[in-house]
Each structure stands twice: as structure tokens, then as C-alpha cells.
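Asks: Dropping a prediction and its sequence here:
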Number of protein chains: 2
Amino acid sequence: MSDPELAIDAERFRRSFETYFAIGATENDGLHRLALSDADATVRDQFVADLEALDLAVTIDEMGNVFGRREGSDPDADPVLIGSHLDSQPYGGRYDGQLGVLVALETLRAMDDSGIETTRPVEIVNWTNEEGSRFENPMLGSGVFTGNVDLEAAYDLRDEEGNRFVDELERIGYRGETPCEPRPLHAFVELHVEQGPILETHGNAVGIVEGIFGIAWLEATIEGHADHAGPTPMHARTDALAAAASAIDEIEALPSHLSADAVATVGRLNVEPNSVNVIPSRVEFTIDVRSYDDAIVDTAVERAIAEVETASERIGADATVEELWRIPHTDFSPTVCETAAAAAEAVGVRAERMVSGAGHDAKYLNDVTDAAMLFVPSADGITHNEAEFTPWDDCVAGARAFAETTLRLAA
Amino acid sequence: MSDPELAIDAERFRRSFETYFAIGATENDGLHRLALSDADATVRDQFVADLEALDLAVTIDEMGNVFGRREGSDPDADPVLIGSHLDSQPYGGRYDGQLGVLVALETLRAMDDSGIETTRPVEIVNWTNEEGSRFENPMLGSGVFTGNVDLEAAYDLRDEEGNRFVDELERIGYRGETPCEPRPLHAFVELHVEQGPILETHGNAVGIVEGIFGIAWLEATIEGHADHAGPTPMHARTDALAAAASAIDEIEALPSHLSADAVATVGRLNVEPNSVNVIPSRVEFTIDVRSYDDAIVDTAVERAIAEVETASERIGADATVEELWRIPHTDFSPTVCETAAAAAEAVGVRAERMVSGAGHDAKYLNDVTDAAMLFVPSADGITHNEAEFTPWDDCVAGARAFAETTLRLAA
């Protein structure tokens, strides 16, 4: 006979969700809480206060990653790490990241309620700058923690206004002294919203995530020539936006020639001088390509670069394409996936195995420990959007499966 | 035997050019002097001081248009108005607008040098917000002056930061009390850089401008759906930028199907939320179409709208296209053109007849008086660009032809 299930307090969980959500909430019920913004500082203060209220040992590392440690009975055992991120997209949703932190927080509170002592320590974490929308290297805090990103390179990143990452970290008071580096961990588990339509379509409350797509981010720059939109004949123009439009048109069509799972997105594009009657002299845009098959990502990158070059050469513009970021696909720990699947079954939550098109901190954590993720549904698959929504029952079901998974890993 | 030529002081003219150019100069020898900015206020102060030094009667109207009046011998005669504009593109050149104001100023100074008394009064003018790059209605000051634009509508225009035109006019101290409305004028003449390659190609120092292209400005908005760039399959996307890129690709090709002189330009484009891993939910972009044949402009507008709608419908996005501005083509006054051509010949400056692809304040003035323009060459046809350049000899030749034209109109 198994032990009784850890009791999630759905009401307390909901109150915390509303408290956190209010920090950086937008008019349209979305979230605007960019990494190292004032709103990020406020939500971090709330998080630290909540950890201290649970008598956890709080540490803040050089990257501003915030940890809270609950000791286990074996002082020599490696801890189970749980958590996600509190930063958001510019106009993102309420669930992305934040839900995973609050599910981890509710798990620790429920352990205290029941007076449970685990064998292993359990640590909760909020990773810095997961989104990468302000400082364009996503999963930055976990990237440095796992040795995938150099600390100084992270510190030197700048946002669009030219603010350095390290200066902003200092400004909000979260540049800690604990070294940000790998240390022994027993496992890492992260709950997150799916950000796609699969769980909802299948009517499942939880996804056991077995892996993550390979991802490449490129930045293309096309240099044309500014001229007056009136007296400059069409044949005398070097219009950077004309070349960019032609390239983007082709890039959007690339996935259909590659695989069923491949995706390509031009998400950010800026025009100079951006004036109605001036021929654009310079266009910068990003290209995001993904597939579970790393060879497909390689091919997509090659072809995207070729499209930018071809479109630019056709009109005599100069083009450069820089690789901003690249990660191969991830296979998560089969052991942690098995544990999560068994935990979901034990608490009676319908779950299915799946892979993730989105990158997550768990991707990097998998390099230094056994990692996996739990997903909960996203209504209509909508995410990175203020309308992002997960039914509350699914949040609670996810929390129950997550708490049981944590308990089993730490037992 | 004709009178001797009015003597342009090339050295004084050059010093003024350098003084004015320094106000808002960019690192790359261009000009950043947006309408009603602090730099615009400074250059206006310089202009007013220069007018006062010539003992001209200075008036500032409700739109901030600045006039300086030099009386003639006949107190009842309608004045000859000369001038151009002192505002610039965000990163524009040194010659666009400013040269025409300084040529007019040098003409008045040269009249004083020679103790010339004209029969008619001569007035110099600096028109407010010709560029339309900050407040997106170009030729705004002359538009209100000629009854083409409503004063209140002009006052209510907002820049990208949401600042109202009238508040900015007040802020820089140039909201005058003189009504901005049509009044009797004998003629208007404006010197400007060609902003195209024709004069340079033909080796002529001056163009006698007989007309201006018809122009239409549209603003297209495509509304798609923000989603995560990873887990959202290609078929489940409504990517506003994908639709925009497809439409722009077609719009750039439109002129080749219309006429030899037609041009189409997408100069300004903004993406929301503009984040590397978010599918664009909204794209706004402008379309500028021009031809000397108004029917061609009509057709280009219809086809451009159809391209935006087709590209949007194809992916299920919503599209709206708003007309921001439309002016028919202009035929300038044959009398003023004849006078200018005779003046150029009299002072020995090589001139040719031409039309302008760019709009100018003279376009509106032609509605209320006899108007025409003189062009001087633009090296390589480059304009609306920091590299804009007119050889100084051509500036002086233009000033000589312009002064003689003014003298003949006012004699």
C-alpha cells in the first residue's frame, strides 16, 4: 500500500497565483515582466519573502538565480531541484514560467502541512532571464549555471536601449555572491504550460516531456541604400526591405520542404530609417528554426541563409547572417520521466508522453543532472500572448502530479 | 541692355550654410532636425535673428510658418514669396529644404548690398513640417496656409510618442497669432535639391520644375495571432509578418506593370510584439505610390490594397488599409517657369525643364498663386540620406538663377 497523496491546497495555490500575476499584469490580463525590470524586482522580492516564510535557506547566485533549500534527513544526499522562471515576454501570458515556480512553491508548502521529511533536500529555484526577450539569450541563468554560457558573456549582453545585463542585475539588487556553476544534483523537474495544442486536443491534463526540439536563432542584416521614395526610379534603388520581404516570404515556406515538425519564424524585424517616404537603408530581422531532428535544423539554417543572400544579391544589397544561439535537441532522463509517469498514474491524473517545441531551463539542467518536465494544457495552444490560458483544474492536476513526482524523487 | 546681375556673395552664403547646418548635424555629416524638435527651435531662432538683422518685418502664423517681409516701392502690390523649409528627415541630408531657405536669404541680402528697390514686396518664408516624418502629413504648414489642410486637424496630429503637434509648437515658442490662411500673392518660387539623378546625368546646374507627381500614402495594418515560435505548427499560425512580407514583395513589383515613371515604396514597418520567438500578431506598414499620371496612382492604390488583402486572406489574417494622404499631380505656372528659364539664361546658368517625383510646399502654393521651382543637382541622386550632396558651384549657380528670377518677378 502506498503513502497517501501530498495534499495540494488549491485555494492557497490560487491566492499565490493571483498575487504573483498582479505584479506586471497588463490591461488585457497578460503579463509584462521583462527580465531585470522593476516588475521582475518586485516579483523576486515576493518570492524571497515566501521562501523565508517557509524557513528555507535562501541563496542568490551571481546570475540572480534564486534558490530556497529545504533540508532532508540525509545531510550528504544531493538535492532534488524544482522550479521554473518568473520573467515574461513583453506581452506574454500569466502561466508561462510563473505557474512552474508556484507549483514548486505549493509543493514545499504542502510538505510542511503534512510534516513530511524527505531523505534528500528539496530546492526550489527561479531562473533568471529564461525568455531571452529583453537580453536575447534565452535560458540565460540556467545556461551559466550549467556551464553552457560564459558568465562574462552573459554580463555583457545588452538590451535594445543598450543597458548591460550586469548593470541591470545590480540595479534591481539581485547580483548575488554565490558562484553560478554546476553542483551535484539528484534531479531537476520543471512544470510548464505546453504552449501548443496537443494536450487539449487529446483531453489530457498532464504531459510527460521526454525531450526538446533543437533550436537555432539567426539574425540577418540587409544593407541597402536610403533614397527619396519619389524621384528615385525603381531600377536605381537598393531597398533593404524589398530584399527582406522577399527572403521572409521564402523562409516561411521552408518548413514545408523539410519535415512534419520543422518550424521557421521571423519574429523581430526593424527598419531604418523607418520613414514613409524614404527607401529603407537597413533591415535587421531574426530567424528562429526548430525541429526534433538536429540535421533538419542544420538544413533549415543553411537554406535560410541562402534565401537572405539570394534576395539581397538580386537587388545589389549586402547581407550578413549571424548565428545568435543554437542548441541541439534534448533527450530527457528516462528515469525521471518514468517517475513522473508513475506519479501521475498514482494520483489519478491522465498523462501522455510528448516532446517540446519550446526551449526550457530543464534543457540545460539535463546536461548536469537527470532532468525532465511536466506540461499542463494551453487552451487553443495559445501562448506568448496575453490570452494564454490554462484551466484551473488542469493547474491543480498538474500540481498534484508534480508534488508526487518531487516526493518520489526526494524520498 | 539688361541691368547687371544681382551679386550673390558666395562666401557669406557659405558661412550661413555652415551655421545652419551645424544645428542638428549628425556624426555622418547629415541632419537630424525633426519638425518642432529642440533643433528646429534653435534653427528658427537663428532664422528670425537673420531676418531681423535685415530689418525685415517678421511674422509668425498659427502654424509656426515664419515670414520676413521686405517692402517694395508699390505699397498696394502683392508680394513675391520665396523660401522652403528648415525641418529634416530623421537622418536626412544638409541640402533638403535648408538650401532653399538660405538661397532666399542670400537673395534678400544681395538686394540690400546693391540697394535695390523692387516694385513688389518680397517675402521670405520657412514652412513648418514639410517632411512629414515626425507628424505624418507632409507639407503641413503650407497645406494649412493654402486651405488644403484644416488647422484643427493639423493641431491634432501626434508623433510616435503621442505628442500633439500644437503642444510641441507651443513648447518651442513658435505658435504665432497671425492667421494661417491664403492671402494675395503675386508668385511663389522655391529652390530645392533635385533628389534624383537627372541634372547630374545631363550636366545641368539648374532644373526648371514644371510639375510634381501625384502621390498617395497608405497605411496597412495586418492583424494575425501571437503564438510561441516553437510548439505552434506552421499550419496553426496566423503570422502577420508572413502576410506582410508576401504583400510587400508584390507591391514592390507593381510599378513595372504600370508605367515608366511609377514608383512604390514601403518605407515604414513596425512589428508587434517584435520578439524573436513570438509569431508576429500585428504589422503596420506604409505604402507610398507616385506617378505624374493621376490615373496610374489610382490604379497603383487599388492594386496595393488588393495585394494586402489577398496576402492576409490567404493565411486568415485581418487587414485594413487606410489612406493617409493623397495629392493629384501639379502643373506649375508656365509664366513663372518662363521667367525662371529666362533668368537662368540671362545669368549664364545651364538649365533644363523637368518634373519632380517629390512633393514640395510649392505644390500647395500653386493652388493660391503662380508657383514654380528651381532644382539643383543631387550627386548620384542620393537624398533623404546623410550622404546627400550638391557641389557648391551648383548651389551658387542655383542661387544666381534664383535671385535673378526673384528680381524679375518683383521688378
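Replies: Ah, there it is.
Asks: what about the closest residue to A:Gly143 other than its chain neighbours, neighbour count?
Replies: Leaving aside its sequence neighbours, A:Gly143 sits nearest to A:Val149 (C-beta to C-beta, 6 or more residues apart in numbering or on different chains; 3.5 Å). Yep, even glycine has a C-beta here, placed from its N, CA and C like the rest. Residues lying near A:Val149 (other C-beta atoms under 10 Å in any protein chain shown) number 21.
Asks: Give the full set of residues in contact with the residue of the stretch 51-200 of chain A found nearest chain B.
Replies: Residue nearest to chain B within the stretch 51-200 of chain A (C-beta to the nearest C-beta): A:Gly196, separated by 3.1 Å. Applying C-beta atoms under 8 Å, 6 or more residues apart in numbering or on different chains to A:Gly196 gives the contacts A:357-358, A:378, A:381, A:383, B:228, B:230-233.
Asks: still on that earlier bit, my read: the residue nearest to A:Gly143 touches A:Leu140, true?
Replies: Yes - judged on C-beta atoms under 8 Å, A:Val149 makes contact with A:Leu140 at a distance of 6.3 Å.
Asks: what packs against the helix or strand hosting A:Ile215?
Replies: Here A:Ile215 is covered by strand A:214-223, with elements defined by DSSP states H and E. Helices and strands touching strand A:214-223, as assessed by 3 or more C-beta pairs under 8 Å, 6 or more residues apart in numbering or on different chains; DSSP states H and E, comprise helix A:240-253, strand A:282-291, helix A:294-315, strand A:318-327.
Asks: would you turn these into a markdown table with mean neighbour count and mean pLDDT?
Replies: Listed next are those as a markdown table, based on neighbours: other C-beta atoms under 10 Å in any protein chain shown; pLDDT from 0 to 100:
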| stretch | mean neighbour count | mean pLDDT |
| --- | --- | --- |
| helix A:240-253 | 26 | 98 |
| strand A:282-291 | 25 | 98 |
| helix A:294-315 | 19 | 98 |
| strand A:318-327 | 16 | 95 |
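Asks: Poorly predicted segments of chain A, please.
Replies: Applying pLDDT under 70 to chain A picks out residues A:1-3.
Asks: Please, where are all the helices along it?
Replies: Secondary structure of chain A by DSSP state H: the helices cover A:10-21, A:38-53, A:98-113, A:140-145, A:151-156, A:165-171, A:198-202, A:240-253, A:294-315, A:334-346, A:361-365, A:392-410.
Asks: re earlier: kindly reformat the contacts of A:Gly196 as JSON lines containing neighbour count.
Replies: Listed next are the contacts of A:Gly196 as JSON lines, based on neighbours: other C-beta atoms under 10 Å in any protein chain shown:
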{"residue": "A:Gly357", "neighbour count": "23"}
{"residue": "A:Ala358", "neighbour count": "26"}
{"residue": "A:Ser378", "neighbour count": "29"}
{"residue": "A:Gly381", "neighbour count": "21"}
{"residue": "A:Thr383", "neighbour count": "30"}
{"residue": "B:His228", "neighbour count": "30"}
{"residue": "B:Gly230", "neighbour count": "22"}
{"residue": "B:Pro231", "neighbour count": "26"}
{"residue": "B:Thr232", "neighbour count": "28"}
{"residue": "B:Pro233", "neighbour count": "17"}
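Asks: burial count for the closest residue to A:Asp367 other than its chain neighbours?
Replies: Nearest residue to A:Asp367, sequence neighbours excluded (C-beta to C-beta, 6+ apart): A:Thr146, at 5.0 Å. Per other C-beta under 10 Å, the neighbour tally for A:Thr146 reads 22.
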